[in-house]
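Undergrad: need the 3D shape of this:
(2 chains)
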Number of protein chains: 2
Amino acid sequence: MNMKTRYGIGPLLPVPGFTASGLHSGIKKNGKPDLMLIASDRPASVAGAFTTNIVRAAPVEHSRSVVAAGSCQAIICNSGNANAYTGPQGAADCAEMAALTALTLGISADQVLVASTGVISQTLPMNAVRSGIPKVATELAADGWRAASEAILTTDLVAKCHSTTFQANGRTITVSGIAKGSGMIHPNMATMLAFVATDAPVASAHLQPLLADVTEQTFNRITVDGDTSTNDCVLLLANGAAGGQPLVPDAPEWNAFSCAVYEVCDNLARAIVADGEGATKMVTVTVSGLASEDDALRVARQIATSNLVKTALFGSDPNWGRLIAAAGQAGVPFDPPRASLTIGNVPLVKHGSYLGAKAEASCGQVMAGDEFTIELSLGEGDGSASVVTCDLSYDYVRINADYRS
Amino acid sequence: MNMKTRYGIGPLLPVPGFTASGLHSGIKKNGKPDLMLIASDRPASVAGAFTTNIVRAAPVEHSRSVVAAGSCQAIICNSGNANAYTGPQGAADCAEMAALTALTLGISADQVLVASTGVISQTLPMNAVRSGIPKVATELAADGWRAASEAILTTDLVAKCHSTTFQANGRTITVSGIAKGSGMIHPNMATMLAFVATDAPVASAHLQPLLADVTEQTFNRITVDGDTSTNDCVLLLANGAAGGQPLVPDAPEWNAFSCAVYEVCDNLARAIVADGEGATKMVTVTVSGLASEDDALRVARQIATSNLVKTALFGSDPNWGRLIAAAGQAGVPFDPPRASLTIGNVPLVKHGSYLGAKAEASCGQVMAGDEFTIELSLGEGDGSASVVTCDLSYDYVRINADYRS
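TA: Predicted coordinates:
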């Protein structure tokens, strides 16, 4: 199993109280699924994390206001068209998607989250959307998550999903998530969407800080090409169908819940990197020994986004000079003679000294694999952080430059 | 003439009082020139700009201290070995290069600037350097600049040079410069060096702020791959051989002098981008209409370093969605519906509205050329800034990933 399917095709459990579905409505010209619906049989608490790009698509603006109100009962999502940079018409189309979904499900329009991904600057083919929404609602099913996960893809090579369960107050609670990663459709940019649902009973007030924290540790610590899109969003819904006492921070069960949400998001985030455009390798860059986690994160990000590093990853080249020089660009002070570097646990540089050709050859063998860790220790501090990245290959250039030729 | 030679092979005039030379000393295995010397017949005022990377090579540390003292009479530079990450031995070798050059020229060692570029983490082959320095000194000549410009290259495809003259106090004053750009030698990173000499009479105290300002407007506004190296440095020497009153800021001649230094540095900077690794196009990204130049520069840099934009440049794709989305990532607030975009003076987006397939086709034709400008106007402010970048091609990946295969 290669890294794409290893991470992409995780377990996918039904979540009590939720149903899901996906189908082809006619937005995509190639006949692939393009409309997804997730519904809860009762109002769910909701949390969201959205793109920090100044340029935001209409559905992002809509869903931010739904999340702010704290309650929702459905997510409608189309792929093939991002409804971004579409002006007042785009906002009206998004509102209509929410209204039509609400009408079909017999709920209020302010209970419907909307997401879109695909081509930008074109208005949505609303005829397809209008006829599709009643159909996708008809197909809602407890085991419809797989179909849902396929209907949100653009040029992703594999669907991305992950589920886990935990015990709380004598009940088994499920957390399931689906995601899409960086795909490119003319004239568009990478877009990341992730939808996570749980039957845990949790108030929105507690859900939002948890999602913010988990997103910071997972989706915000991956990079494919350093670009953030107009449509990125992560949504977490908790409908309480498991019953029992509400989970609250500091209660014994909260840790298990946090870990379950983290596990799902971490796996989805890695699946996105593994399926990054042109990616042949997934690499975890860990930086330690700095004064703070923030410092370590800045250095790890600088390494993980360096084109010189990413091309060296593609070439299976243990190019420690590039790694340490990239670290030196982050603006975080450190003492180069204290730097130690391991690749896949094989030491390559120790306290500033290169360990020789044999160590380098061993590291090269590690790098010929499709998943490994690069660890850079820069001193004696306690601050450490990791960023997951992929290599920069010919296919990245081909996918992003050549689609017209 | 393609863009590389159009920018690389500029005029190269002798500078009174200066001599230069370059030859093969044995550092490079391929027999190409690898040792350069520039000498002034009298102490010159000196200014320098150095890498901001935390990891700095030994010669950078040495030359910083010479520049701080404000006077120098020679630059010795080798290519093929960066003397970076070489510890105490590297510092000793650098000091010996300065001392031997001083001895050969009959000057003091604290009058010698040192620069190195090439492979990192290997100590200099000092036997070659020791025998090379007396030879390169023997070849010093007023018209030796061309040989000098060739001896500082690594994997550059063309030598980079530019000269200009101006009139001050009835005298003709010359400014000549040579540079090298991003080359890659295992296991190394991009390195930029530029040496500029003039016979203008200028005190170091006035030279340093001018160079800082010009560097900020030229070398700091280019990008090839977003990485900065351990060895980057720009040196400006003024020996006063033209005679006459010293040039001082606010005097009528100062503007002509500033413009001449700017012209040389701007041409060298563009030559570096044109000869960037794998570059097939040189593109000036201009952002205007923001509150300040700083804001505009941040947005222009974000566009110029985006891999999605750079691959679109390679593909001659007028992908305005990527351009505007990249702009939105800079963290500078703007109102997307006010954005206007032209490529090679052809309007593509006006006040947030896409101008259609015909405009896009015209822009695609512009982008098929090897040099053009992208102008993004984001509002009504006075702040504008430009960054010069190149495309991201298959060859960039090949050069940086494949040299072992």
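Undergrad: which pLDDT value does the model give A:A368?
TA: For A:A368, the pLDDT comes out at 95.
Undergrad: before we move on, what about A:K29?
TA: A:K29 is given a pLDDT of 92.
Undergrad: which ones are touching it?
TA: Contacts for A:K29 (CB atoms under 8 Å, 6 or more residues apart in numbering or on different chains) come out as none. Every residue, glycine included, has its C-beta placed from N, CA and C.
Undergrad: do the same with A:A401
TA: By CB under 8 Å, 6+ apart, the neighbours of A:A401 are B:T311, B:A312, B:F314, B:G315, B:D317, B:L392, B:S393.
Undergrad: for the third one, what are its contacts?
TA: Think B:F314. Taking CB under 8 Å, 6+ apart, we find B:F314 in contact with A:V397, A:A401, B:T280, B:K281, B:D391, B:L392, B:S393.
Undergrad: for it, which non-adjacent residue is closest in space?
TA: B:D391 (3.9 Å; CB to CB, 6 or more residues apart in numbering or on different chains).
Undergrad: just say helix, strand or coil for A:T117.
TA: Under DSSP: H, G, I helix; E, B strand; the rest coil, the three-state class of A:T117 is strand.
Undergrad: quick check, it in contact with A:S79.
TA: Yes. The pair A:T117 / A:S79 is scored as a contact, 5.2 Å apart, by CB atoms under 8 Å.
Undergrad: any residues in contact with both of those two?
TA: Contact criterion CB under 8 Å, 6+ apart; residues shared by A:T117 and A:S79: A:I152, A:T154, A:K180.
Undergrad: tell me how far the first one lies from chain B.
TA: Right, A:I152. A:I152 is 19 Å from chain B, where distance means CB to the nearest CB, to the nearest Å.
Undergrad: correct me, but A:S384 touches A:A291?
TA: No. Counting by CB under 8 Å, A:S384 sits too far from A:A291 to count as a contact (10.9 Å).
Undergrad: so for the two, which residue has more residues nearby?
TA: The neighbour comparison of A:S384 against A:A291 (other CB atoms under 10 Å in any protein chain shown) goes to A:S384, with 20 against 16.
Undergrad: which secondary structure element contains A:W254?
TA: helix A:252-274 (DSSP states H and E).
Undergrad: for the following helix or strand past that helix, which positions count as buried?
TA: Scanning forward in sequence from helix A:252-274 by DSSP H and E, the next helix or strand is strand A:282-290. Judged by neighbour count (16 or more other CB atoms under 10 Å in any protein chain shown), strand A:282-290 contains these buried residues: A:M282, A:V283, A:T284, A:V285, A:T286, A:V287, A:S288, A:G289, A:L290.
Undergrad: looking at those residues, which is nearest B:T86?
TA: Distance to B:T86, by CB to CB, is smallest for A:G289 among the buried residues of strand A:282-290, at 22.2 Å.
Undergrad: quick check: the closest one vs A:R338, distance?
TA: Remark: distance between A:G289 and A:R338 (CB to CB, to the nearest Å) = 8 Å.
Undergrad: pull up the overlap in contacts between the two.
TA: Shared contacts of A:G289 and A:R338, counting by CB under 8 Å, 6+ apart, come down to A:L378, A:G379, A:E380.
Undergrad: what's the most distant pair in the contacts of A:A401?
TA: B:D317 and B:S393 (13.2 Å).
Undergrad: how about the helices of the stretch 151-300 of chain A, start to end?
TA: Using DSSP state H, counting those that start in this stretch, the helices of the stretch 151-300 of chain A run over residues A:204-217, A:252-274, A:293-305.
Undergrad: right, and those helices - which one's nearest chain B?
TA: helix A:293-305 (8.0 Å; CB to the nearest CB).
Undergrad: buried residues, the helix holding A:W254. List them.
TA: The neighbour-count check on helix A:252-274 (16+ other CB under 10 Å) flags A:253-254, A:256-258, A:260-274 as buried.
Undergrad: next: stretch A:350-363.
TA: Counting neighbours by 16+ other CB under 10 Å, one finds that the buried residues in stretch A:350-363 are A:G352, A:Y354, A:L355, A:A359, A:E360, A:S362, A:C363.
Undergrad: any low-confidence regions in chain A?
TA: Residue ranges of chain A with pLDDT under 70: A:1, A:182-190, A:226-228, A:402-405.
Undergrad: tell me, how many residues neighbour A:N2?
TA: By other CB under 10 Å, the residues close to A:N2 number 12.
Undergrad: returning to that earlier point: columns secondary structure, neighbour count and distance to B:I27 on top of the shared contacts of A:G289 and A:R338, output as CSV?
TA: Output for those, formatted as CSV (DSSP: H, G, I helix; E, B strand; the rest coil; neighbours: other CB atoms under 10 Å in any protein chain shown; distance: CB to CB, whole Å):
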residue, secondary structure, neighbour count, distance to B:I27
A:L378, coil, 28, 31
A:G379, coil, 15, 33
A:E380, coil, 11, 37
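Undergrad: which one among those residues gets closest to chain B?
TA: Distances from chain B to the shared contacts of A:G289 and A:R338, taken by CB to the nearest CB, are shortest for A:L378, at 9.5 Å.
Undergrad: just list the residues touching that closest one, thanks.
TA: With contact taken as CB under 8 Å, 6+ apart, A:L378 is in contact with A:V287, A:S288, A:G289, A:L290, A:V299, A:A327, A:F334, A:D335, A:R338, A:A339.
Undergrad: near chain B, list only the ones from those residues.
TA: Among the contacts of A:L378, the residues within reach of chain B (CB under 8 Å from any CB of the partner chain) are A:A327, A:F334.
Undergrad: ok, so of the contacts of A:L378, who is nearest B:N231?
TA: Distances from B:N231 to the contacts of A:L378, taken by CB to CB, are shortest for A:A327, at 15.9 Å.
Undergrad: how about the secondary structure of that closest one?
TA: A:A327 - assigned by three-state DSSP - is helix.
Undergrad: list the buried ones in stretch A:210-228?
TA: Buried residues in stretch A:210-228 (16+ other CB under 10 Å): A:210-211, A:214-215, A:218-228.
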